[in-house]
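Asks: A structural model of the following input is requested.
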Amino acid sequence: MNLSFFQAALFIYLLGTAISLAYLVSLQRALSRLGTIALGAGFAVHTLALVLRYVAAGYTPITNLHESLSFFSWSIVGVYFMLYWKYRIDVLAAFISPMAAVLIILASLYPKEILPVAPVLNSFWLPIHVIFAFIGDAMFALAFAAGVMYLIQERQIKSKKIGAFYHRLPALKVLDDLSYRCLTFGFPLLTLGIITGSVWAESAWGSYWSWDPKETWSLITWFLYAALLHGRLTVGWRGRRAAIFAIVGFAALVFTFLGVNLLLSGLHSYN
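Replies: Model (predicted):
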């Protein structure tokens, strides 16, 4: 049953992506709102799929790539709606829907069977560590989207050739503020994710830190975002520099989450 709702969520996310992208090539405001509604419907169905999988599995379903990619997709959409109530940026759905759709499509390519959980994952630290990490990652995904929109909008303004995107994207100050807000929430969550992961590692493997590839890349990602936060707070980084840093940081995050699993072996290879 959970797979049926998972597939329905995939379809709705794709539909929402198509509607939101259609808005970018038109001036029909109704399409923007409809895209946001579709994204919300997909999130509701996706939530039901995750709940049903949790009930069927008997443990937090974030133990393999299918589940992790699905949960990451769900987290990004959930964080989008948390921020939507403050910023009301409908066009942001056109950048979030494709991310959610790509992640859930990737999730659909991996084995979906519910298997007995690996002994090392049978811990109460699993949901604590992973939820902190994924919600933080989702915040950085929103910062990435804001950074991309900032660079597009800035390019149009500097070129003095007002393009089609100009009237659809928010003001530069709004995008910079959104990126900063995501950073200030995402960085503490990433930090808590690393700390809880270290505590879990000590109880599971007898060591807080073993320089496993995923641990190493998590630390690299942490330093990148720490540098961005430090630059914003002490040096006054704003605008273009902060947007580029947010994009680079998210690229490192994606490699930490997916690239390490696929290309490198280590203690986290079961994910």
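
Asks: now Leu39: closest residue in space, sequence neighbours ignored.
Replies: Leaving aside its chain neighbours, Leu39 sits nearest to Gly16 (4.4 Å; criterion: C-beta to C-beta, 6 or more residues apart in numbering). Quick note: C-beta positions are derived from backbone N, CA and C, even for glycine.

Asks: mind telling me what element the one you found is part of?
Replies: helix 2-24 (DSSP states H and E).

Asks: got it, and Ser203?
Replies: Per DSSP H and E: helix 172-205 holds Ser203.

Asks: Gly193: what's it in contact with?
Replies: Gly193 sits next to His129, Val130, Phe132, Ala133, Gly136, Ser218 when contact means C-beta atoms under 8 Å, 6 or more residues apart in numbering.

Asks: which of the residues you listed sits closest to Leu48?
Replies: Leu48 has its nearest neighbour among those in Val130, at 19.8 Å by C-beta to C-beta.

Asks: tell me the pLDDT at that closest one?
Replies: For Val130, the pLDDT comes out at 88.

Asks: now for it, how many residues are close by?
Replies: 23 (other C-beta atoms under 10 Å).

Asks: do the same with Leu172
Replies: With other C-beta under 10 Å as criterion, Leu172 counts 18.

Asks: ok, the residue nearest to Leu39 touching Gly42?
Replies: Yes: between Gly16 and Gly42 there is a contact under C-beta atoms under 8 Å: 5.7 Å.

Asks: rewinding a little: next structured bit after the helix holding Ser203?
Replies: Following helix 172-205 in sequence, per DSSP H and E, is helix 213-230.

Asks: tell me the average confidence for that following helix?
Replies: 89.

Asks: list the residue ranges of this protein that fall below the pLDDT cut-off.
Replies: 27, 161-164, 204-209, 263-271 (pLDDT under 70).

Asks: tell me the domain boundaries of it?
Replies: Domains of the chain are assigned by automatic domain parsing as 1-117, 125-271.

Asks: state the distance from the residue most central in space within the chain to Ala22.
Replies: In the chain, the centroid-proximal residue (C-alpha atoms, centre = their mean) is Ala138; its distance is 3.0 Å. Relative to Ala22, Ala138 is positioned 25 Å away (C-beta to C-beta, to the nearest Å).
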